[in-house]
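[1] How does the following fold in three dimensions:
(chains A, B, C and D, ligands or ions: 2)
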Amino acid sequence: MSARPLYLDNAATTAVDPAVIAAMTDCLGSDGNFENPSSSHAGGARARQLVEDARERVAALVNAAPNGIVFTSGATESNNLAILGSFDADPRARQHFVTTRIEHHSVLDTAHALQIRDVEVTLLDCDAEGIVTAGQVLDAITDATVLVSIMHVNNEIGVIQDIEAIARTCASRGVRLHVDAAQSAGKIPVDLSGWGVDLCSLTAHKAHGPKGIGALYVAGGVTLAPQLHGGEQERGLRAGTLATHQIVGMGKTFELARPERDGPRLAKLRDMLWRGLGEIDGIRLNGSRDRSAPHILNVCLPGIEGESLRLALADIAVSAGSACASDDPEPSHVLSSLGLSDALAQSSLRLSVGRFTKPADIEWAVERIGAEVARLRALANGAPAWCST
Amino acid sequence: MSARPLYLDNAATTAVDPAVIAAMTDCLGSDGNFENPSSSHAGGARARQLVEDARERVAALVNAAPNGIVFTSGATESNNLAILGSFDADPRARQHFVTTRIEHHSVLDTAHALQIRDVEVTLLDCDAEGIVTAGQVLDAITDATVLVSIMHVNNEIGVIQDIEAIARTCASRGVRLHVDAAQSAGKIPVDLSGWGVDLCSLTAHKAHGPKGIGALYVAGGVTLAPQLHGGEQERGLRAGTLATHQIVGMGKTFELARPERDGPRLAKLRDMLWRGLGEIDGIRLNGSRDRSAPHILNVCLPGIEGESLRLALADIAVSAGSACASDDPEPSHVLSSLGLSDALAQSSLRLSVGRFTKPADIEWAVERIGAEVARLRALANGAPAWCST
Amino acid sequence: MNYSPEVLQRFDLPQADGVFPDETEGVVRGEAEDRSLGIWVRFDVRVHEGLIRAVRFHLYGCPHAIAAASLICERLEDQPARSLSAIDLQVVADSIDLPVEKYGKLLKIEDALLECWRSLGDSRATSEPGNSRHPGEAKDS
Amino acid sequence: MNYSPEVLQRFDLPQADGVFPDETEGVVRGEAEDRSLGIWVRFDVRVHEGLIRAVRFHLYGCPHAIAAASLICERLEDQPARSLSAIDLQVVADSIDLPVEKYGKLLKIEDALLECWRSLGDSRATSEPGNSRHPGEAKDS
Ligand SMILES: Cc1ncc(COP(=O)(O)O)c(C=O)c1O
Ligand SMILES: Cc1ncc(COP(=O)(O)O)c(C=O)c1O
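    Ligands and ions are numbered 1, 2, ... in the order given. Next comes the predicted model:
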């Protein structure tokens, strides 16, 4: 296969927008703004200004105050900083953390690190569609609860949690709320100030920006213990030389993102995909039909072994299980939480569209997937029931 | 002043080499290798291969095994990971850390964080030239010593520590050694395997690579507790989506760096600068004449107030005190450690040359600095002794 | 996962997958499965005059399993029936660069072939009473 | 640090820096310093017939201090000598956008000018005994 595979894995990462590449490149070479934003000379000041402009753009997309935005190396670091930083800054001897079973590994593994430190952790279950309710959060909160962390859009199944309701619940109990918005920012509206979220993780590379740059939104009055020591950058919350080109890239990315325009366009492509694939016998949607981010479609193809499915579709770049751990043979923890068997989880595909996906791509993908499913099902004709349940 | 200032601040950061920019750009757009290196599809595998190629290039420059290289967001993070990761992984109840007073803030602030956790910290003094000896390290080591951390090249005064001797000393006492080589890699030979260093921090942006990417070298058998949770990237030592373009940029940077060729060229420029500035009455060299990295010249201009000196030289981008905190009015902790008074520390300039510095730049800088020093000294004619001592 | 050309080629165009027409005579069937390994396989083998004339298979499983089954089918054709009980698994594994963690799946494929071999014994035993336990072999000899 | 055009212009070309030729008559000198603030300043003021004819200064200090001294020199020329004791510091600070943390330096500059004013009194007192404590003013009146 010499042609480039069709890319339907935009929830794993995205191609960087040409305008973003141009903005980044301007900050690299000798003629550009390559200087250290911490330097006191004119070049440093210019770089600092670019960083502040980017901060404003990032803040604007999520309706936040610019001085609440702390740049990090990505949402993984933001999640770690939000969670560990909250617990390190909390004086209570007994501490409790509330999150869900379907969070990204960077939240779940951090929860595990807290458990080792004797923090009590509550992992909320989701329902069969992947939804967690404000009521569940309310029930979980205790006097020892330091932080609730709930993702906005799930990276595997695209389900959208009702952050507004959950934020109201947390506020009513005076508990801090962190939201992982790595997958949502740019695709659906995010209104951090309106909702009253305390902490929110953002990343550039899921929205046609560069990898390796993200941000943590920290609401006014929220104290965090820094996790990286050594320098006064980012109000002392995150040390390290500011990577101007990365920050400027993220700023441009968030400036270009228009949820009210991009969301419906992505949803159209996703719906077209689902209509086409719906013709396949026995196909199931993983997640929620109504409450789903516009770019993610997760389907289960019962009776098709996962690894063969992926190889058969080698000319379409898709994801099985989480993108961030897709070399991992374990079935996805998210699909398991929905109640899928290991076999069904393995027979699932995450297809995710992006800015550069065209309707013709969708037509082609539907045809290819249909053909390969038919072929592999014929090969497995007569297989026992466990292969498809 | 409309012309761009002459850039003599290459120890703060450097302009990215055009070949590095090209390699990075290839990993960004839709036609490039933008995919997530963790993805199992062909694009992911290709990105993964690029990451591994880069790892080999980074390893090659510092004579290390490629699988010992862990990519991070920069030397600040590498320093944090090396130090906190070592202490978190050490089972002893009583723990002790040995470092020097002239380390970068990312080491000193981490040492401070350890102190808060009841780790005993020994800060070694340097002599008047900035040198710390293996004998001092030996004397400081106790049964509780978990880690010794010594920088290779000091970022303010350029002094080179004898890491080989210090490594021998640490090995003789069975104590782990971490080296911050942010300023040395690419400019002078670094032989991690030969010297027997356990951990070493590297960064790309001091050697004409991008900001926001670095690495920690971890020798075989050295166990570290990860500081960022959530994903199996980098052998579980550093979670987060791998930023292909940044890693490839660092790989190219380290491939292009040739200490045996670049070092002497930089030293020539620095020596030319020192010869020229040596004409200025009373000028002093901060640091060591013999044991200095080729790119850094730190001079003291007694009798010239620091802020005025910097403004007078606004057409030359230089640094006063540490680049990483140069908006900070505190006198540099490194210059203070050498025994300089606050006034003399403030009257000091760090001039640092790079790949794009030309001999004509040096001539111009010598002339400009000479003229401004003369002007400001005339203005301060008659000032009391404390202004120049 | 990296796949060798031997795997890719057989995965894309497996040899001998499918079934024989219902009326085909002399066909024995062997089946094996392991849910935890994620494999199910069924072979239909047509033996005539002690020689394997054709083999067909159905399989639910990973690309290596498909390639292994396909490769075995290719190799069995025109071989003495006793070959069904004498597959050299190491040769198969080596031919397709089978990762060690997938070895268990190969054992399941062997199980299915052994069942064919046993069925062949049973079917001959039924149609030609008094024959040896290893009919293919007996016939050949 | 950001500098206003008022500072930059005076820093680059300070007005009236330097000294008078040794033989110049009617010159008084005032000096002040503060090591912790990093400032030393010395004014030479030539007063003739109750008017400030010229001012010169020397200064070790930051750009704002240089600009402030320069600005004050400009404003003092041709003013009555008593102006030495009546500098409106707020006006100076505002004119050069002086950061609050540098206000202490301005007070040192004032000290040096007050010393000039006092010296002027002393010198007149010496040369013209019986004069008022504020010689410039007395002369003017
Ligand atoms: C929901 C979610 N959170 C966090 C992350 C981690 O973000 P990053 O890759 O920027 O570290 C991802 C994706 O990788 C994600 O999908
Ligand atoms: C000696 C030294 N260590 C560490 C660092 C921090 O590196 P980074 O900017 O990659 O975080 C620097 C420079 O900033 C440095 O000079």
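
[2] In contact with the residue of the stretch 51-200 of chain A found nearest chain B: list those residues for me.
    Proximity of the stretch 51-200 of chain A to chain B (Cβ to the nearest Cβ) peaks at A:S106, 2.8 Å away. Any C-beta I mention is one placed from the backbone N, CA and C, and that applies to glycine too. Neighbouring residues of A:S106 by Cβ atoms under 8 Å, 6 or more residues apart in numbering or on different chains: A:A75, A:T76, A:N79, A:N80, A:D180, B:L228, B:H229, B:G230, B:G231, B:A239, B:G240.

[3] redo that, cut-off 7 Å
    A:A75, A:T76, A:N79, A:N80, B:H229, B:G230, B:G231, B:A239 (Cβ atoms under 7 Å, 6 or more residues apart in numbering or on different chains).

[4] Farthest-apart pair in these, please.
    In the contacts of A:S106, two members sit farther apart than any others by Cβ to Cβ. They are A:A75 and B:H229, at 12.7 Å.

[5] Compare the two and say which is more crowded by neighbours.
    A:A75 (33 against 23; other Cβ atoms under 10 Å in any protein chain shown).

[6] surely that one meets A:G214?
    Yes. Look at A:A75 against A:G214 with Cβ atoms under 7 Å: they come within range, at 4.8 Å.

[7] Tell me how many other residues crowd residue 77.
    As the question left the chain open, I've gone with chain A. Neighbours of A:E77 using other Cβ under 10 Å come to 30.

[8] ah, no, chain C please
    C:E77: 16 neighbours (other Cβ under 10 Å).

[9] Tell me the confidence at residue 135?
    Using chain A here. Per-residue confidence at A:G135 stands at 98 (pLDDT).

[10] Sorry, I should have been clearer: chain C.
    On the pLDDT scale, C:P135 gets 45.

[11] cool, the one 3 residues further on as well?
    Among the per-residue scores, C:A138 holds a pLDDT of 40.

[12] try A:V153
    pLDDT at A:V153 comes out at 98.

[13] what's near enough to touch it?
    By Cβ under 7 Å, 6+ apart, the residues touching A:V153 are A:I160, A:Q183, A:S184, A:I188, A:A293.

[14] In helices, which of the contacts of A:S106 appear?
    A:A75, A:T76, A:N79, A:N80 (DSSP state H).

[15] Contact partners for the first one?
    In other words, A:A75. A:S106, A:D180, A:A182, A:S201, A:L202, A:T203, A:G214.

[16] Among these, which one has the most neighbours?
    Going by other Cβ under 10 Å, A:L202 tops the contacts of A:A75 with 33 neighbours.

[17] Regarding that one, which helix or strand does it belong to?
    strand A:199-203 (DSSP states H and E).

[18] Next: C:N2.
    Per DSSP H and E, there is no helix or strand for C:N2.

[19] which outside residues touch the lengthiest strand in chain A?
    In chain A, assigned by DSSP state E, the strand with the most residues is strand A:145-151. Applying Cβ under 7 Å, 6+ apart, the contact partners of strand A:145-151 are A:83, A:86-87, A:90, A:92, A:95-100, A:103-104, A:107, A:132, A:137, A:161, A:163, A:166, A:170, A:175-180.

[20] Please name the strands paired to that strand in the sheet, noting orientation.
    According to DSSP bridges, strand A:145-151 forms sheet pairs with strand A:96-100 (parallel), strand A:176-180 (parallel).

[21] Give me the next element, helix or strand, following the last one.
    Scanning the chain past strand A:176-180 towards its C-terminal end, the next helix or strand to appear is helix A:192-195 (assignment: DSSP H and E).

[22] where does the residue nearest the centre of chain C land in three-state SS?
    Residue closest to the average C-alpha location in chain C (Cα atoms, centre = their mean): C:L113, at 4.4 Å. Secondary structure, DSSP: H, G, I helix; E, B strand; the rest coil: C:L113 is helix.

[23] Next one: A:H208 relative to A:R355, how far apart?
    Per Cβ to Cβ, to the nearest Å, A:H208 is found 5 Å from A:R355.

[24] Neighbour count for the two, which is higher?
    Set side by side, A:H208 and A:R355 show more neighbours around A:H208, with 30 against 18, by other Cβ under 10 Å.

[25] The more buried one is in contact with A:T357, isn't it?
    No. Contact criterion Cβ under 7 Å: A:H208 and A:T357 do not qualify, at 11.5 Å.

[26] Tell me the strands beside the strand holding A:L202, with direction?
    By DSSP bridges, strand A:199-203 pairs with strand A:176-180 (parallel), strand A:214-218 (antiparallel).
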